[in-house]
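A.B. asks: what follows is a predicted protein model with its sequence.
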Amino acid sequence: MFLGTHYPRLDDKGRFVLPAKFREALGEGVVISRGQEHCLYVFTPDGFQDEAARELSGSMSSRSTREYQRFYASGASEEVPDKQGRLTVPPLLRRYAGLDKEIAVVGAYNRVEIWDRTAWEEFEASSFEKFAELDSDVTAGRIADA
């Protein structure tokens, strides 16, 4: 399980040092993909397979399902941290998430999210009140779309 928020920096080659508490789970390799809200999702290979299985459960006759699957998979990249625990974020994904130097690496239970630090801080600030009121929106363990 991935928890917490960390603020590493991207170097000139698009690498950052994985937080120590994430290295063991992610040290053998990851899959980085486009996420919602212009962040990136980082999964273990098994976690990405689980996510892909959920995505593939949609009907291929649905145009929106095909478009989502296509966009999601076409931007995914398999990466392996180096011996210093640095993970490279490919240029395509850095552009999608608007990453420059200052980033936020956020634990999100089954995945890690990578955000531009300013975008993360704005998202977090705008979410405080919503989070405080979520109890009425949670049903059967799922958060209803607001």
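C.D. replies: On my side now, so go ahead.

A.B. asks: phi and psi next, for the residue lying closest to Val89 once chain neighbours are set aside.
C.D. replies: Closest residue to Val89 apart from its sequence neighbours, by Cβ to Cβ, 6 or more residues apart in numbering: Gly14 at 5.0 Å. C-beta here means a position set from N, CA and C on the backbone, and glycine is covered the same way. When read as degrees, to the nearest 10, the backbone of Gly14 gives phi 80, psi 30.

A.B. asks: who touches Gly14 in this structure?
C.D. replies: Thr88, Val89, Pro90, Pro91, Arg94, Leu99 (Cβ atoms under 8 Å, 6 or more residues apart in numbering).

A.B. asks: one more time with 7 Å, if that's ok
C.D. replies: Thr88, Val89, Pro91, Arg94 (Cβ atoms under 7 Å, 6 or more residues apart in numbering).

A.B. asks: for the most centrally placed residue in the chain, list each beta-bridge partner.
C.D. replies: When Cα atoms, centre = their mean is applied to the chain, the residue found nearest the centroid is Tyr41 (1.8 Å). Note on Tyr41: beta-bridge partners by DSSP bridges are Ser33, Glu113.

A.B. asks: measure it to Asp12 for me?
C.D. replies: Remark: distance between Tyr41 and Asp12 (Cβ to Cβ, to the nearest Å) = 24 Å.

A.B. asks: hmm, Val31 and the residue nearest to the centre of the chain touching each other?
C.D. replies: No - counting by Cβ atoms under 7 Å, Tyr41 stays clear of Val31, with 8.3 Å between them.

A.B. asks: can you get me a residue count around Phe16?
C.D. replies: By other Cβ atoms under 10 Å, 22 other residues sit near Phe16.

A.B. asks: what do you get for Trp115?
C.D. replies: 25.

A.B. asks: likewise Gly85?
C.D. replies: Per other Cβ under 10 Å, the neighbour tally for Gly85 reads 16.
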